[in-house]
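Colleague: A predicted structure for the sequence below; I have some questions about it.
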Amino acid sequence: MEESCPKCGWPRSGEACPRCGVVFDRFDEKVLEEGVSPEVLKLWEHVEEDWDDRGRHALFVEQAILLGALGYAAGCYRKKGDDPVARDQLERISSRLEQSLNATADSREAAPSSRRLTTAIAVILLLALAGLVFWFLAR
């Protein structure tokens with residue numbers, strides 16, 4: 001199994017990660033746990049106690065989603081390498097992230113139509129104001 005960066009998962013080459021720049025010899029993996037809720041950390045321990053229990057994986061991933069720790073969850077599974085369960089969970093995490101990004105993109109697509117309406121109203125009001133100013137000056 002090819003080693004990967006402990007921070008971003010990119011394949012290792014040299015003394016530092018070519019993607020994120022972490023220096024491997026100086027990297028403390030405990031940093032990855034900073035800001036992760038104790039509940040998520042405990043759930044990961046629970047997953048590792050019975051790796052084949054799919055319910056534990058599902059609970060861990062769902063809580064990681066709810067508590068904003070998907071990066072941590074993905075890193076935990078990436079460390080497992082080619083394990084089929086880990087691959088399945090990484091695919092699940094990727095799918096959930098994609099769904100979230102699509103939902104965000106859909107909401108952003110709706111926003112421009114309201115911006116266009118606001119811009120159109122502003123332009124009409126400015127033209128009306130310019131017309132009034134021109135009319136007063138022409139009198």
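Modeller: Structure received. Numbers count the residues shown, from 1 in each chain.

Colleague: Kindly report the domain assignment for the chain.
Modeller: Listed by automatic domain parsing, the domain ranges of the chain are 1-34, 38-113.

Colleague: Tell me how far the longest one lies from the chain's centre.
Modeller: Going by CA atoms, centre = their mean, to the nearest Å, the spacing between the C-alpha centre of domain 38-113 and its chain's C-alpha centre is 10 Å.

Colleague: centre of the chain versus the one helix or strand L129 maps to, how much separation?
Modeller: Here L129 is covered by helix 84-138, with elements defined by DSSP states H and E. Put simply, helix 84-138 sits 20 Å off its chain's centre (CA atoms, centre = their mean).

Colleague: packing partners for it?
Modeller: Judged by 3 or more CB pairs under 8 Å, 6 or more residues apart in numbering; DSSP states H and E, helix 84-138 is in contact with helix 54-66, helix 70-78. The C-beta positions use only the backbone N, C-alpha and C, and glycine is treated the same way.

Colleague: which one of these has the lowest average pLDDT?
Modeller: Here the helices and strands packed on helix 84-138 differ in mean pLDDT, and the lowest is helix 70-78 at a mean of 88.

Colleague: How many neighbouring residues does the nearest residue to H46 once chain neighbours are set aside have?
Modeller: Sequence neighbours aside, R56 is the residue nearest to H46 in space, at 5.5 Å (criterion: CB to CB, 6 or more residues apart in numbering). For R56, the neighbour count with other CB atoms under 10 Å is 17.

Colleague: Quick test: name the residue nearest the centre of this structure.
Modeller: Nearest to the geometric centre of the chain sits L97, at 6.2 Å (CA atoms, centre = their mean).

Colleague: Tell me the confidence at that one?
Modeller: On pLDDT, L97 comes in at 83.

Colleague: From K79, how far out is it?
Modeller: Look at L97 and K79: by CB to CB, to the nearest Å, they are 19 Å apart.

Colleague: With V123 instead?
Modeller: 56 Å.

Colleague: give the contact list for the residue nearest to H46.
Modeller: The contact partners of R56, by CB atoms under 8 Å, 6 or more residues apart in numbering, come to L43, H46, V47, E49, D50.
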